[in-house]
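Student: Structure for this input, please:
(one chain, ligands or ions: 1)
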Amino acid sequence: MVNLVSKVLIFSLFNRSGSLAGEHSGKDGIKGGFHHIWKMEVPVTVKTFIWKAIHEGLPTRKNLARRGVVDSALCPICKQVEETTCHVVWSCMAASDVWADQFSVVQKWDSRDMNFCSLWELLTTGLCLKQLEQVACVMRRIWLRQNQFIFEGKFADPKTVYSSVGTLKLNWDAGIEVEAGRMGASILVRDSTGEVIAVMAKVQESVFQPVLAELLALWRAVTFCLELGLTAVVFEGDAQSSIKEINSSDENCKWYGQILEDVKSILMDKSSWRVQYVSRKSNQAAHHLGKFALKYVEDEIVWMEEVPECIYSFIAADRQCNA
Ligand SMILES: [Zn+2]
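Tutor: Residues are numbered from 1 along each chain as shown. All right, here's what the predicted structure looks like:
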């Protein structure tokens, strides 16, 4: 386990290597592989991660030991061999557990240690671009999981590493001006790395009860996901009692039961969609967007792969936690 000083150094080294992303891509290490990276339809954070891995720019224990930052280059998880890039994302038993997943496109592949460039070359020749994109995203998740283990002592289940790739997170919220009978709804869709996919702000008249506002906002969120054709979505909101009712198998006979049952019937058809509670603190971007909607939106506004200025700082803060 690293001490606090080492942690600070690791972060500063990481940030320094981060500047490499802006360099010109003239010194391609492997034939063809480099071009694949920038063609992949994955978040830029994943492309940059692979690029750094190829250029030995990641702060692995081996790289840190070479620079004198840490004494031991041993992998902190298996404690058996030096922690190289390939070891972390591919050969370590912790990585092998992830690649053994039933949805893995490299499930039966040889997990022996090698240079990361050679591994990437094998992947680019053996996989199609779509499969390569999946592998690149999972590799970054494995890297983040390793960091989480070193810095926070937490180690995510291998199944969650694979399933989190491709699952989108949707935060929603609703604000209400009770006297005016006006609600502001907000919907924010991000990928597993925090990259914004879509944002919606909406107002609706003749809504007087907060519980109805929350449910109408969730209704718009699920229909919005249907319109976008999204396959795997986790809906996160801070309306605890409504979420409990949504996730209950009992029929709801309250006055707002119909809208609740309508949402439930859509969710029933979508096995990879689920609704869960998050604290108000974790839902701040959606909360502020809802306030913005009440003030400035007339009907409905959608931003695709764009972040409205009013929530930019919240998105940036969330992304920093995710990086
Ligand atoms: Zn290991």
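
Student: which secondary structure element contains Ala76?
Tutor: Ala isn't right for residue 76; it's Pro. Per DSSP states H and E: Pro76 is located in neither a helix nor a strand.

Student: what's the neighbour count on Asn115?
Tutor: 15 (other Cβ atoms under 10 Å). Backbone N, C-alpha and C define where each C-beta goes, glycine included.

Student: ditto for Arg66
Tutor: 12.

Student: List the contacts of the closest residue to it other than its chain neighbours.
Tutor: Leaving aside its sequence neighbours, Arg66 sits nearest to Ala73 (Cβ to Cβ, 6 or more residues apart in numbering; 7.8 Å). Residues in contact with Ala73 (Cβ atoms under 8 Å, 6 or more residues apart in numbering) are Arg61, Lys62, Leu64, Ala65, Arg66, Glu82, Glu83.

Student: Which of those has the largest number of neighbours?
Tutor: Among these, Glu83 has the most neighbours (other Cβ under 10 Å), with 25 neighbours.

Student: Once you drop chain neighbours, what's closest to the spatially most central residue of the chain?
Tutor: Residue closest to the average C-alpha location in the chain (Cα atoms, centre = their mean): Ser192, at 1.2 Å. Among residues not flanking Ser192 along the chain, Ser164 sits closest, at 4.9 Å (Cβ to Cβ, 6+ apart).

Student: That neighbour and Ile142 touch, don't they?
Tutor: No. Counting by Cβ atoms under 8 Å, Ser164 does not reach Ile142; the two are 11.0 Å apart.

Student: higher neighbour count, the two?
Tutor: With neighbours defined as other Cβ under 10 Å, Ser164 and Ile142 compare such that Ile142 has more, 23 against 20.

Student: SS state for that one?
Tutor: Secondary structure for Ile142, judged by DSSP: H, G, I helix; E, B strand; the rest coil, is helix.

Student: try Trp172
Tutor: Following three-state DSSP, Trp172 is assigned to strand.

Student: what do you get for Leu212?
Tutor: The local conformation at Leu212, judged by three-state DSSP, is helix.

Student: So for it, what's the pLDDT?
Tutor: We have a pLDDT of 95 for Leu212.

Student: For stretch 160-170, give me every contacting residue.
Tutor: The contact list for stretch 160-170 (Cβ under 8 Å, 6+ apart) reads 98, 101, 103-104, 134, 137-138, 141-142, 145, 187-192, 197, 221, 225, 230-236, 272.

Student: at 7 Å instead, please
Tutor: For stretch 160-170, the external contacting residues (Cβ atoms under 7 Å, 6 or more residues apart in numbering) are 98, 101, 103-104, 134, 137-138, 141-142, 145, 187-192, 197, 221, 225, 230, 232-236.
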